[in-house]
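1. Fold the following for me, if possible:
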Amino acid sequence: MENQLPPKKVPGFCSLRYGVSLLLHFCNGAIMTQRVCLSLTMVVMVNDTWGLTNVSSRENPGNIMGTIATAQHHIWVRWAPPLERGRLTSISVSGVMLGPFIVLLVTGLICDLLGWPLVFYIFGVYGCVLCVFWFVLFYDDPKDHPYISIREKEYILSSLAQQDSSSSVTTLPIKAMLQSLPLWAISLCNFALLWTNNFVVTYTPTFINSVLHVDVKENGLLSSLPFLLSYIIGILGGYMGDFLLSRNILSTISVRKLFTILGMFLPVVFNMCMLYLSFNFYSAIIFLILAHSTSSFVLSGVFINVLDIAPRYYGFLRGTTSLIGMIGGILSSTVSGLILNEDPETSWYKIYFLMSSISVITLIFYLIFAKAEIQDWAKEIQDTRL
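-> From the prediction side, this is the model:
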C-alpha cells in the first residue's frame, strides 16, 4: 500500500497521537483489572471443589473487551498514520495484557492483608479516575483537538489523505462483505483468538492451582508472568511490524501473515511442549508463559488487518469481527467448564487440544485467503447499494 512521504521531521513519541494511545493503554488495563481480579479471588472466595465445578459461571472478559474494541479501534481511522498503525495499536491494546499482570500480581497480597472485597474497590476507583481523564482529554478527530500542534495535525491528515476512509457512508455492502473471504479469514481468527484469550484469562489460575498445586499468592505471581511477557512482546511487535513496512523490507500482507503465524502457531507449539515435554514444575511454567505471551504478535497481524482491507467501514467491521470473537470467548468458557466437570485432572489435555486445533485450522484459512489491499467493495467509488 502506497503512502505519502511524511514530512522530514514530525512529532514522535512525545506527541498527541501517542498520548491518545497511552491513555487508551491505561484504560484497557483498568478494564481488564476489573474483569480478571474475579479469576483469582474466586480461589479465595470458594473452596477448590465448588470452584472447579462452577468455573464456567465466571465472568467472561471477552464480552466487555469485544464491546470496547469496537469503539476504540475506530479511533485509529482518524488518528493513526498508515506507517504507525502497528505501534499505536500495540501500545493501546497492550494495556489488555498489563491489566491482568498487575491484578494477578497484587490480588493475592490484597486478599491476604485486606480481604478480597477490597480488590474490587481499589481497581474500581482506578477505573473511575481514568474515565475522568478520558472525557477531558480525548477528541474524536485530531483537527478538532485544541492542544494538537499544527505540524502534527498536518502530518496525520496528509498521511491519511490517500486512504479511502470517508465517513459519508449511507449504505453498507452487506452482500459483498458476506462473500469476502479475506473478511471471513479475519473473523475466524478473531474467534480463535478470543477463545484462547478467554481461556488464558479465566482458567490459568485454576490450572496452576489444581494441576501444579500452588497457593494463592504464588498462584497470582505465576499467573501474571505470561501477561508481563505478552505486554513486552505486543509493544515490540508493533514497532517491528512498522519497521518492516517503513523500510520496505516486507509488503503489508507479508507483515500481517508473518505476525499472525507467530501469534497463533507459536502458542500451539509451546502448549504441546507443556503437555508432553515438561519434566518438572519449572519447565511447565516456562512453556506456559511462552505459550500465553507469544499470542501478542497478532497485534501487528490479523488484529489490525480490517483497517487494511476496508478503512471506510472499519468501525462497523471491527465491531462485527469482535462480535464473532466474543462468540468464541463465550463458547470457550462454557465448553472448558463442561469438560472440566468430567474429570478435573485429565480434562486439561482435551481443552488444550481443542484450543490448539481451532487455532491451527483458522490460521491455515487466514494464510490462504488473507489480503492487505483495500477491497473493491470497500472503495468509495464502489456502488454500495445492497
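2. where are the low-confidence patches of the stretch 251-386 of the chain?
-> Residues of the stretch 251-386 of the chain that meet the criterion pLDDT under 70 lie in 344-345, 380-386.
3. Am I right that residue 263 is in contact with residue 291?
-> No - if you go by Cβ atoms under 8 Å, residue 263 and residue 291 don't touch, sitting 11.5 Å apart. From N, CA and C alone the C-beta is placed, and that goes for glycine too.
4. Which of the two has more residues huddled nearby?
-> A direct count of neighbours by other Cβ atoms under 10 Å for residue 263 and residue 291 places residue 263 higher, at 27 against 24.
5. how close does that one get to residue 254?
-> 15 Å (Cβ to Cβ, to the nearest Å).
6. Ok, residue 240 next?
-> For residue 240, the distance to residue 254 - Cβ to Cβ - is 13 Å.
7. With residue 336 instead?
-> In terms of Cβ to Cβ, residue 336 sits 34 Å off from residue 254.
8. With residue 30 instead?
-> With Cβ to Cβ as the criterion, residue 30 and residue 254 are 35 Å apart.
9. One more: residue 207?
-> 35 Å.
10. swap in residue 103?
-> Counting by Cβ to Cβ, the gap from residue 103 to residue 254 is 36 Å.
11. do residue 306 as well
-> 18 Å.
12. still on that earlier bit, so between residue 207 and residue 254, which is more surrounded?
-> Set residue 207 next to residue 254 and count neighbours by other Cβ under 10 Å: residue 207 wins out with 21 against 13.
13. check contacts around that one.
-> 288, 348 (Cβ atoms under 8 Å, 6 or more residues apart in numbering).
14. could you redo the last one with a cut-off of 10 Å?
-> 199-200, 219, 222-223, 274, 284, 288, 340, 348, 351-352 (Cβ atoms under 10 Å, 6 or more residues apart in numbering).
15. By neighbour count, which of those residues wins?
-> Of the contacts of residue 207, with other Cβ under 10 Å as the count, residue 223 tops at 32 neighbours.
16. quick one: average pLDDT of stretch 111-126?
-> Average pLDDT, stretch 111-126: 83.
17. Name the residues of it that are buried.
-> For stretch 111-126, a neighbour-count test (16 or more other Cβ atoms under 10 Å) marks 111, 116, 119, 122-123, 126 as buried.
18. Could you do stretch 222-236 as well?
-> Those buried within stretch 222-236 under the rule 16+ other Cβ under 10 Å are 222-231, 233-236.
19. Where helices are concerned, which of the residues you listed count?
-> Taking DSSP state H, the ones among the buried residues of stretch 222-236 that sit in helices are 222-231, 233-236.
20. related to what we said a few turns ago, any chance of TSV for the buried residues of stretch 222-236, columns distance to residue 189 and pLDDT?
-> Formatted as TSV, the buried residues of stretch 222-236 follow (distance: Cβ to Cβ, whole Å; pLDDT from 0 to 100):
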residue	distance to residue 189	pLDDT
222	28	73
223	25	70
224	26	75
225	25	81
226	20	81
227	21	81
228	24	86
229	21	88
230	17	87
231	21	87
233	18	91
234	16	87
235	21	88
236	21	90
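21. between those residues, which is nearest residue 323?
-> Within these, the smallest distance to residue 323 is 22.7 Å, found for residue 234 (Cβ to Cβ).
22. check contacts around the closest one.
-> 89-91, 93-98, 263, 293, 295-300, 303.
23. Please report the distance of it from residue 180.
-> 27 Å.
24. follow-up on the earlier one: dump the contacts of residue 207 into JSON lines; add distance to residue 143 and secondary structure as well.
-> Formatted as JSON lines, those follow (distance: Cβ to Cβ, whole Å; DSSP: H, G, I helix; E, B strand; the rest coil):
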{"residue": "199", "distance to residue 143": "42", "secondary structure": "helix"}
{"residue": "200", "distance to residue 143": "39", "secondary structure": "helix"}
{"residue": "219", "distance to residue 143": "49", "secondary structure": "helix"}
{"residue": "222", "distance to residue 143": "47", "secondary structure": "helix"}
{"residue": "223", "distance to residue 143": "43", "secondary structure": "helix"}
{"residue": "274", "distance to residue 143": "50", "secondary structure": "helix"}
{"residue": "284", "distance to residue 143": "53", "secondary structure": "helix"}
{"residue": "288", "distance to residue 143": "46", "secondary structure": "helix"}
{"residue": "340", "distance to residue 143": "52", "secondary structure": "helix"}
{"residue": "348", "distance to residue 143": "52", "secondary structure": "helix"}
{"residue": "351", "distance to residue 143": "49", "secondary structure": "helix"}
{"residue": "352", "distance to residue 143": "49", "secondary structure": "helix"}
